[in-house]
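> below are the sequence and a predicted model for it; my questions follow.
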Amino acid sequence: MTLDHTSEDADFIRRSEENQARLTSSLQPSYDFVVCGAGAAGSVVARRLADNPEVQVLLLEAGGDDAADQVLDPGLWPTNLGGARDWGFTAEPNPHLNGRAIAMSMGKGLGGGSSINVMVWARGHRSDWDFFASEAGDSRWGHSNVLDLYRRIENYQGPPDPHYRGDGGPVWVQQAADPNPIACAMLDGARELGVPTFDSSNGAMMEHPGGAALTDMLVRNGKRHSLYRAYVHPIRDRPNLTILTGAVVRRIVFEGRRAAGVELVLQGRTTLIGARSEIVLSLGAIQTPKILMHSGVGDRTELARFGISSIQHLPGVGQNLQDHVSFGCTWEYANPIPPRNSGSEAKMYWKSRPDLDNPDLLFCQVEFPAPSERTAARGLPEHGWTMFAGLARPHSRGRLRLKSADPADSLAIDANFLSDPRDLIAARACVELCRALGNARAFEPLVRGEVMPGNLSGDALDHYIRDAAVTYWHQSCTAKMGRDDMSVVDASLKVYGVEALRIADASIMPRVTTGNTQAPCAIIGERAAEMIGEAHRL
Ligand SMILES: Cc1cc2nc3c(=O)[nH]c(=O)nc-3n(C[C@H](O)[C@H](O)[C@H](O)COP(=O)(O)OP(=O)(O)OC[C@H]3O[C@@H](n4cnc5c(N)ncnc54)[C@H](O)[C@@H]3O)c2cc1C
């Protein structure tokens, strides 16, 4: 039986609390599997491994619990930005963003990003998954196999659609309920521009060159249904799954080439816990490569600069950083309309050039002003809304650099947004399309007028783009799966050149998927667990 926070009974809560208190107060010297990071992908891996009662699983998480209104109330997600549930990363100053050092939030605590994000469920485009398969040389990553997996993991609340949707899985997916009138206007506006609209933002739309639809979201009975809630929370009464919060992973400890254990800090003390079978890194696209480098897996010349002994030379660790850079365009409401659901209920994918086969632009509506720190200074209406107009297929690549040998120190994040000139060209088309959409007839009854950017062109438009650029929080690809010299993991997500170490999180994406990234992370977690199961005959 699957229980969630709204239906679970008092007996389950008591049993779970007693179970976890017992397990965490008597930590074992080693476990069969140690999963590092209880975020979007790590939650999936831990659950699937723990489904086998013969296997002892330890799930390590640096942050804390998720039982708080700030997490569970869908409308409160912005209150986590910059707070205790946000790692609070900042990228290096970027000359392509007029020198700005932008915030790069990532979730900290049970659920990771899936506990502070906007709850959008976006599966990725057919072309993304087929690209994953071709890079990996393994059809299991291809669209038709991934579609099969999505059908198995979803508990879709919309009309039956057996080809695209499943209704027996752990992930409760529902379309934005009772959406805001501006979300509906977005679909009418899209049609005015000749963009087709769809009944669902997943399914057929993700096989099409573009379209608009209401958003699918992970909200159940009015509460956030994070991937932690979907996968791990319902089984925390099991004796073979230890969920350890406040546990900060510092490095992987190798015996020869074998990943034998994890060094972590728990309540101020450094501890070593062994892994009898495997370690899975699910620390997210910033921390997974960081921990790899601190453990001696990375570019040997870079590691040598900090006196870190090289276990395995993998120059791709921390390279290939991708994200969806976004440019907020804002309108003022004619009459204030409070945000509904997560405050983002409609989305659109489209192309910056007609000759493209697949969408390279991503638009998510946000039902309140969401400027950058720079564009906020231009002045905001008291009641407004924003279109997050983003690049779905950016060409710019960033990288991560260690700044010291101490894992407790921060690292340098060169996000490098807009460093590739093709991205600026796409960004102009993106902002122009966004303005055409927001100024469409469909919005006229609802808005007083456009606030920004207004009718800019040439250098003024470029300047706005560079001032407005922010992250969509889809950091990924820093330990990519593939077969070239810059690849870090193979098709089974095993780290090249070492044993008993896999990665399952957004780091392994060869390129960032076309839409929001938590659903692809669930697939990555499922595939990782499946491949581990095969390898160990679980
Ligand atoms: C504000 C925000 C809004 C977003 N909106 C959406 C959205 O609406 N839809 C969508 O699909 N995606 C969204 N995303 C992105 C999505 O949440 C991420 O892509 C996804 O969570 C990444 O999953 P992951 O498993 O790679 O890493 P994460 O979910 O980030 O998990 C990594 C986990 O590892 C833990 N960790 C890190 N370092 C250590 C350490 N040293 N020791 C122990 N634990 C550690 C972290 O605390 C975290 O819990 C958003 C993200 C943010 C931040």
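Sure thing, it's come through. In this text the structure is predicted, and so the values were computed from the model without any measurement.
> quote the end-to-end distance of stretch 359-376.
29 Å (C-alpha to C-alpha, to the nearest Å).
> likewise for stretch 471-480?
20 Å.
> got the buried residues for that stretch?
The neighbour-count check on stretch 471-480 (16 or more other C-beta atoms under 10 Å) flags 471-480 as buried. Using the backbone N, CA and C atoms, a C-beta is placed for each residue, glycine as well.
> stretch 47-54 too?
So stretch 47-54, judged by 16+ other C-beta under 10 Å, has buried residues 47-52.
> so which of the buried residues of stretch 471-480 reach the ligand?
When contact is defined as C-beta under 6 Å from any ligand atom, the buried residues of stretch 471-480 meet the ligand at 473-474.
> how far out from the middle of the chain is stretch 148-161?
20 Å (C-alpha atoms, centre = their mean, to the nearest Å).
> quick check: the gap between the residue nearest to V232 when sequence neighbours are not counted and the ligand.
Nearest non-adjacent residue to V232, counting by C-beta to C-beta, 6 or more residues apart in numbering: S43, 4.8 Å away. For S43, the distance to the ligand equals 8 Å [C-beta to the nearest ligand atom, to the nearest Å].
> report the contact partners of S43.
Contacts for S43 (C-beta atoms under 8 Å, 6 or more residues apart in numbering) come out as 59, 110-112, 114, 226-228, 230-232, 525.
> sorry, back to before: for the buried residues of stretch 471-480, which one is nearest the ligand?
The nearest member of those to the ligand, counting by C-beta to the nearest ligand atom, is W473 at 3.3 Å.
> run through the residues that contact the nearest residue to that closest one once chain neighbours are set aside.
In space, W473 comes closest to S105 once its chain neighbours are excluded; the distance is 5.7 Å by C-beta to C-beta, 6+ apart. By C-beta under 8 Å, 6+ apart, the contact set of S105 is 81-82, 86-89, 116, 471, 473.
> if we can go back for a sec, could you check the pLDDT of the residue nearest to V232?
pLDDT recorded at S43 is 99.
> in what helix or strand does it lie?
S43 belongs to helix 40-50 when assigned by DSSP states H and E.
> and the gap between R257 and the ligand?
The gap separating R257 from the ligand is 22 Å, by C-beta to the nearest ligand atom.
> no wait, N240
20 Å.
> that residue - how many residues pack around it?
Neighbours of N240 under the rule other C-beta atoms under 10 Å: 18.
> likewise the one 10 residues further on?
Using other C-beta under 10 Å, the number of residues around R250 comes to 18.
> need the contact list for the residue nearest to it when sequence neighbours are not counted.
Nearest non-adjacent residue to R250, counting by C-beta to C-beta, 6+ apart: P407, 4.2 Å away. Listed by C-beta under 8 Å, 6+ apart, the contact set of P407 reads 250-251, 290-291, 294.
> buried among the residues you listed? Make that a PyMOL selection.
In PyMOL, this line selects whichever of the contacts of P407 come out buried by 16+ other C-beta under 10 Å:
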select buried, resi 250+251+290+291+294
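> just send the contacts of P407 back as CSV, with secondary structure, pLDDT and distance to the ligand too.
Listed next are the contacts of P407 as CSV, based on DSSP: H, G, I helix; E, B strand; the rest coil; pLDDT from 0 to 100; distance: C-beta to the nearest ligand atom, whole Å:
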residue, secondary structure, pLDDT, distance to the ligand
R250, strand, 98, 7
R251, strand, 98, 9
K290, helix, 98, 8
I291, helix, 98, 6
H294, helix, 98, 10
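> which of the contacts of P407 sits closest to P196?
Nearest to P196 among the contacts of P407 is K290, at 42.1 Å by C-beta to C-beta.
> give the contact list for the closest one.
Contacts for K290 (C-beta under 8 Å, 6+ apart) come out as 283, 318, 400, 402, 407, 411.
> change it to 7 Å
By C-beta atoms under 7 Å, 6 or more residues apart in numbering, the contact set of K290 is 400, 411.
> also S476?
285, 322-323, 506-507, 509, 512, 517.
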